[in-house]
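1. okay, sequence plus prediction incoming.
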Amino acid sequence: MFTPVSHPEWEVSTDQQRLDREMIHRFLGETYWAKGIPRETVDQAIDGSCCFGVYEAGQQIAFARVITDFATFAWLADVFVVVSHRGRGVSKVLVRAILDDPRLQNLPRWMLATLDAQGLYEQFGFRVVSSPERFMEIRRANPYGQPTAN
Ligand SMILES: CC(C)(COP(=O)(O)OP(=O)(O)OC[C@H]1O[C@@H](n2cnc3c(N)ncnc32)[C@H](O)[C@@H]1OP(=O)(O)O)[C@@H](O)C(=O)NCCC(=O)NCCS
C-alpha cells in the first residue's frame, strides 16, 4: 500500500480498510454540505472514491476523498480534520499528500467546492473558476432530508 507522506506525528494513508467509517459518517452528517447523509451513502461514496485518512497514534484525525477517473479529472470532496486536531497543519499535510499521489499526476483539471476554506486550497494552486458561466450543475436542494450548502 502506498503511503504518500510520513510525518513525525501524522501518517497519511490511502488504505480504504483503515478508514473509521463510523467517525466519518458521524462527522459528515453534521456538516453544512452533507447534513443528514445516511451511513449507506457514505459507504458507497467511500467505496467509489480514492480516499485519504490521516492517523495519529492509530486514530483517524482527518479525511478526504477524491472522485476521479485518474486520467482527466478529479473532484476533491469531504475534506475535514476532527475538531480537537485543527489549527496544527493537518489539512495542509493532507492536501499536499493528495496532490502528490502518483496516481493523480498531470490531470488537466481538479475542482472542489467550499464555503469558506478558499485560503487553504489557494495555497496549493486552486483558484476561483475563471469562467463560471461555462459550468453547470444539477442540484437537489434537500438530498438527505435537510438543507445543504455546496
Ligand atoms: C478547513 C479544515 C479542513 C482546516 O483544517 P486544519 O488542519 O485545522 O487547518 P491547518 O492547520 O492545516 O491550516 C489551514 C490553513 O488554511 C487556512 N484556512 C483558510 N480557510 C480556512 C478555514 N475555513 N478553516 C481553516 N483554515 C483555513 C488557514 O489559515 C491555514 O493557513 P496558514 O497555516 O497559512 O495560516 C478544518 O478546519 C475543518 O475540518 N473544517 C470543517 C470542515 C470544512 O469546512 N472543510 C472544508 C470543506 S471543503
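-> Noted; the coordinates are in hand.

2. all helices of the chain, in order?
-> Here the chain has its helices, by DSSP state H, at 21-28, 39-47, 90-100, 118-122.

3. per-residue confidence at the residue of the chain most remote from its centre?
-> Of all residues in the chain, E133 has its C-alpha farthest from the mean position, at 25.2 Å, by CA atoms, centre = their mean. At E133, the model reports a pLDDT of 97.

4. ok, it to the ligand distance?
-> Distance, E133 to the ligand, by CB to the nearest ligand atom, to the nearest Å: 23 Å. From N, CA and C alone the C-beta is placed, and that goes for glycine too.

5. on that earlier part again, ranking the helices of the chain by burial, who's on top?
-> helix 90-100 (a mean of 20; mean count of other CB atoms under 10 Å).

6. averaged pLDDT, it. What do you get?
-> Helix 90-100 comes out at a mean pLDDT of 97.

7. and stretch 9-24, by the same measure?
-> pLDDT averaged over stretch 9-24 gives 97.

8. so is it next to the ligand?
-> No: Stretch 9-24 lies apart from the ligand when judged by CB under 6 Å from any ligand atom; the minimum separation is 10.0 Å.

9. distance between the ends of that stretch?
-> With CA to CA, to the nearest Å as the measure, stretch 9-24 spans 21 Å from end to end.

10. over to stretch 132-150?
-> 15 Å.

11. pull out the buried residues from it.
-> Under the neighbour-count criterion of 16 or more other CB atoms under 10 Å, stretch 132-150 has T148 buried.
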